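[1] any chance you could fold what I've pasted below:
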Amino acid sequence: MEVDKDKIRNIGIMAHIDAGKTTVSERILFYTGLSRKMGEVHEGTAVMDWMEQEQERGITITSATTACRWEDIYINLIDTPGHVDFTIEVERSLRVLDGAIAVFDSVHGVEPQSETVWRQADSYKVPRICFLNKMDRIGASFIDSFSSIEKKLSLTPVAIQWPVGLQDEFQGSLDLVEEKMYLWDQDKLGEKFSIKKIPKEFEKLVKEKRELLIEKLAENDDILMDKYLKEEEISLTQLKQSIRKQTLNLKIAPVLCGSAFKNKGIQPLLSAVKDYLPSPLDIPPSEGKNFKGQSIFCPPKDDDFLSALAFKISFDSFSGTLTYIRVYSGVLKVGQKVYNSRQNKIERIQKILKMHSNSRKAVSEVRAGDIAVVAGLKWTQTGDSLCTKERVVSFERLSFPDPVLSVAIEPKSSVDQLKIESALKKLEREDPSCQIKKDSETGQMLLLGMGELHIEILLDRLLKDYKVSARIGKPQVSFRETPAGTWEGSGEFNQEIQGRMHFAKIGLKIEPLERGKGFVFNRGNFLNLSPEIFSALMEGFEQGLSAGPLMAYPMKDLQVSLLSLKYKEEDMSLLAIRSCAYQTFSKGVRSIKIDILEPIFRLKITTPEEFTGAIIGDLNTRKGRVEDMDKKGDLKFISALAPLTRIFGYATDLRSLSQGRASFSMEMNGYAKVSEKEKQKMLI
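    Model prediction:
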């Protein structure tokens, strides 16, 4: 089915855990007619939380995709996780989305993961609107939540609605743009609501807040400013156009309110998606690179060359590999052969599906600007680009954070060995934020993940979904190694392999970088390296980076500079260059002092004031450092940094310290050097 591109909205729902993202999604599905019954997260019946692990825990773990209609627009909707351990799901969804709904708990306002996903949306320049949810809850405050967005986040929030009542008296909202009032009847499941003129008791409030809205818009709109200063009437069309333009230009974020669980506020939110979030035509053409590394732009036109990005992989017992793709230009059709520019492989499109959570509908094609799923691709991985051989396009690949925890996995029998290896490979392909490694000393398989919950979910899937019998070790922190000094030297590879001499000689300088800089390769005077030689060098360095010389932890925060490179021009050997790069790098890092780095997490703790002393005292025993404290009513908000090694099982300890009344969230903050004393203990 062909849809006008200006009628398509590719949007995601993002928020901190428990802000109500999935409940908002469920109401959207119900009011757009896609679901006949509202699913509830707490009952394990949410359509978008279809995995057994999601239903058991009442949280979103993997991004769920669906397509629905509202009025005359066609919405591709992705519900993303809110827990910090699954941030990669948000990252890869935002990479392909045109707009987003940021959901906030109006009791707490901006929470830690709210800031994280907001920064991710900033990095991909995704326009967004805000929905202050849970306006019916005790402690809900539109003003405080709005203020927290204003203070902590990048875009200027502008209220286009104002609540009618608060907490248990919340009834609906005042539309500041169209100057009308929405009221919901709770007995009607929110399907029916009344639209009324602004009552006299609200006229002054609406006038005041509408003028404030126009003032904010006029700051970035010369036409509106001129009319405002001349006190000329501003039409509804002009006002909406200005809101839309400034939302798309990342100047503002319109703010709406409601209570998804109580079925209030979702229909105006859908209308705001239609009015203010972009279609594929409203965003700049996606930029990729051709095989020469030159920029190439992909406008959302059906008659252009094909360009698409694979942003997610999952496995299905019926269809096998499912690859989620966003088509940027051209048309992808069943039976077509496409070129994977990173894998240098040809793939055949066997089946195209439109997804609704974990159910699907087969279609014959997917056009520019749309999102769909392709079944049965053999080689394609997350972040790969699909195109034609006639016009090669490679989009920038997604970057994935370092895993910080690992567990050892051993098969219970020799029969389980192959099953475990196959299942782990599938998990790794589905979820690039987990890694599978083999311990070089013990031969054990290691599963690495982003945190305790992430590891728990991966193991649960391994045992339940893939029905593997295995012994599981205790979680271990994944440390990092980094150079504490500088080395300069050279290495040579000169070997005969299968009757051919392979030769390369490389000079390198290895030096430390600031924390958080990762790995930098400085080509020095060799800026014109061919792509093949550059790839061979990088493969050698990456092999060396994967296991440091001290305890075989991955290395980070260092720069390698290429000082010299010699090889036989007439008989160049990429094998020799790759091997020499690895051996020279390994020789260098073995020659200098190496520091051990440990992952540091930021804790955001919310507690009744009476437990503050006990919680801070406990943090001190964990080598934690309190950075900030704030107060709101009877609650204290503590921000602290602590090593991951000291906060295993913190949720249980915090409940004990606060009689179950405190809560916390945590996110990776970076790495810090362990002391020499601790390092020596680790080396024993």
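
[2] pLDDT score for the residue lying farthest from the centre of the chain?
    Residue farthest from the centre of the chain, counting by CA atoms, centre = their mean, is Gly499 at 49.4 Å. Here, the pLDDT recorded for Gly499 equals 84.

[3] quick check: mean pLDDT across stretch 172-180?
    Mean predicted lDDT for stretch 172-180 stands at 96.

[4] output that stretch in PDB with nothing but the alpha carbons.
    Coordinates of the C-alpha atoms in stretch 172-180 are reproduced here as PDB (Å, rounded to 0.1, in the frame of the first residue of the first chain):
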ATOM      1  CA  GLY A 172      -8.400  16.900  31.300                       C
ATOM      2  CA  SER A 173      -6.500  19.700  29.700                       C
ATOM      3  CA  LEU A 174      -6.700  23.300  28.300                       C
ATOM      4  CA  ASP A 175      -5.600  23.600  24.700                       C
ATOM      5  CA  LEU A 176      -3.600  26.900  24.600                       C
ATOM      6  CA  VAL A 177      -3.200  26.800  20.800                       C
ATOM      7  CA  GLU A 178      -6.900  26.200  19.800                       C
ATOM      8  CA  GLU A 179      -8.300  27.700  23.000                       C
ATOM      9  CA  LYS A 180     -10.600  24.900  24.000                       C
END
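
[5] for that stretch, buried residues please.
    Applying a neighbour-count criterion of 16 or more other CB atoms under 10 Å, the buried positions in stretch 172-180 are Gly172, Ser173, Leu174, Asp175, Leu176, Val177. C-betas here are computed from N, CA, C, even on glycine.

[6] roughly how far out does that stretch sit from the chain middle?
    Distance, stretch centre to chain centre, for stretch 172-180: 33 Å (CA atoms, centre = their mean, to the nearest Å).

[7] what's it in contact with?
    159-165, 181-184, 193, 195-198, 202, 205-206, 209-210, 213, 236, 239-240, 243, 256-258, 264-265, 268 (CB atoms under 8 Å, 6 or more residues apart in numbering).

[8] can you show me the strands along the stretch 151-300 of the chain?
    Ranges of strands in the stretch 151-300 of the chain, per DSSP state E, counting those that start in this stretch, are 156-159, 161-164, 172-175, 180-184, 193-196, 252-257, 286-289, 295-298.

[9] and the second one, how far from the chain's centre?
    If I follow you right, that is strand 161-164. Its chain's average C-alpha position is 31 Å from that of strand 161-164, according to CA atoms, centre = their mean.

[10] one more: stretch 641-659?
    Using CA atoms, centre = their mean, the offset of stretch 641-659 from its chain centre is 25 Å.

[11] related to what we said a few turns ago, which among the buried residues of stretch 172-180 gets closest to Pro608?
    Ser173 (31.4 Å; CB to CB).

[12] grab the nearest non-local neighbour of that closest one.
    The shortest distance from Ser173 to any non-neighbouring residue, by CB to CB, 6 or more residues apart in numbering, is to Gln161 (4.3 Å).

[13] so how far is Leu446 from Pro549?
    19 Å (CB to CB, to the nearest Å).

[14] what lies in contact with the biggest helix by length in the chain?
    Secondary structure of the chain read by DSSP state H shows that its longest helix is helix 200-218. Helix 200-218 has contacts (CB under 8 Å, 6+ apart) with 156, 158-160, 162, 164, 174, 176-177, 179, 181, 198, 224-225, 228, 234, 239, 242-243, 246, 252.

[15] in the stretch 401-550 of the chain, mark out all the strands, start to finish.
    Counting by DSSP E, counting those that start in this stretch, the strands of the stretch 401-550 of the chain are 405-411, 435-438, 445-449, 470-472, 476-477, 480-483, 487-497, 500-512, 519-522.

[16] so which of the strands of the stretch 151-300 of the chain is nearest Leu619?
    Nearest of the strands of the stretch 151-300 of the chain to Leu619, taken as CB to CB: strand 156-159 at 32.6 Å.

[17] and that closest one, what does it pack onto?
    helix 142-152, helix 200-218, strand 252-257 (3 or more CB pairs under 8 Å, 6 or more residues apart in numbering; DSSP states H and E).

[18] mean neighbour count, the ones you listed: which tops it?
    strand 252-257 (a mean of 26; mean count of other CB atoms under 10 Å).

[19] what angle separates that strand from helix 200-218?
    Between strand 252-257 and helix 200-218, the angle comes out at 160 degrees (axes from the mean of the first three to the mean of the last three CA atoms, to 10 degrees).

[20] note down every partner strand of strand 252-257 and its orientation.
    Strand 252-257 pairs in its sheet with strand 128-133 (parallel), strand 156-159 (parallel), by DSSP bridges.

[21] mind checking the SS state of Lys389?
    Secondary structure, DSSP: H, G, I helix; E, B strand; the rest coil: Lys389 is coil.

[22] run a quick neighbour tally on it.
    Counted by other CB atoms under 10 Å, the residues lying close to Lys389 total 10.

[23] that one contacts Val338, correct?
    No - counting by CB atoms under 8 Å, Lys389 does not reach Val338; the two are 9.1 Å apart.

[24] so what pairs up with Asp628 in the strands?
    Ser639.

[25] do you know how far it is from Arg429?
    40 Å.

[26] so for these two, which sits in the more crowded spot?
    For Asp628 versus Arg429, neighbours defined as other CB under 10 Å are more numerous around Arg429 (16 against 9).

[27] wait, what's in contact with that one?
    Ile313, Phe315, Gln381, Thr382.

[28] state the pLDDT value of it.
    Value for Arg429, per-residue pLDDT: 84.

[29] same deal with the one 4 residues further on?
    Here, the pLDDT recorded for Ser433 equals 81.

[30] quick one: contacts for the closest residue in space to it that isn't next to it in sequence?
    Once flanking residues are discounted, Ser433 sits nearest to Ile88: 3.9 Å by CB to CB, 6+ apart. Ile88 sits next to Phe400, Pro401, Asp431, Pro432, Ser433, Met450 when contact means CB under 8 Å, 6+ apart.

[31] any idea how far Gly613 lies from Ala640?
    14 Å.

[32] ditto for Val393
    As judged by CB to CB, Val393 and Ala640 stand 45 Å apart.

[33] neighbour count winner among those two?
    Neighbours were counted for Val393 and for Ala640 using other CB under 10 Å; Val393 has more, 27 against 23.

[34] for this protein, name the helix or strand with the lowest mean pLDDT.
    helix 52-57 (a mean of 48; mean pLDDT, DSSP states H and E).

[35] for the helix or strand just after that one, buried residues please.
    Next in sequence after helix 52-57, counting helices and strands by DSSP states H and E, comes strand 64-70. Of the residues in strand 64-70, Ala64, Thr65, Thr66, Ala67, Cys68, Trp70 count as buried by neighbour count, 16+ other CB under 10 Å.
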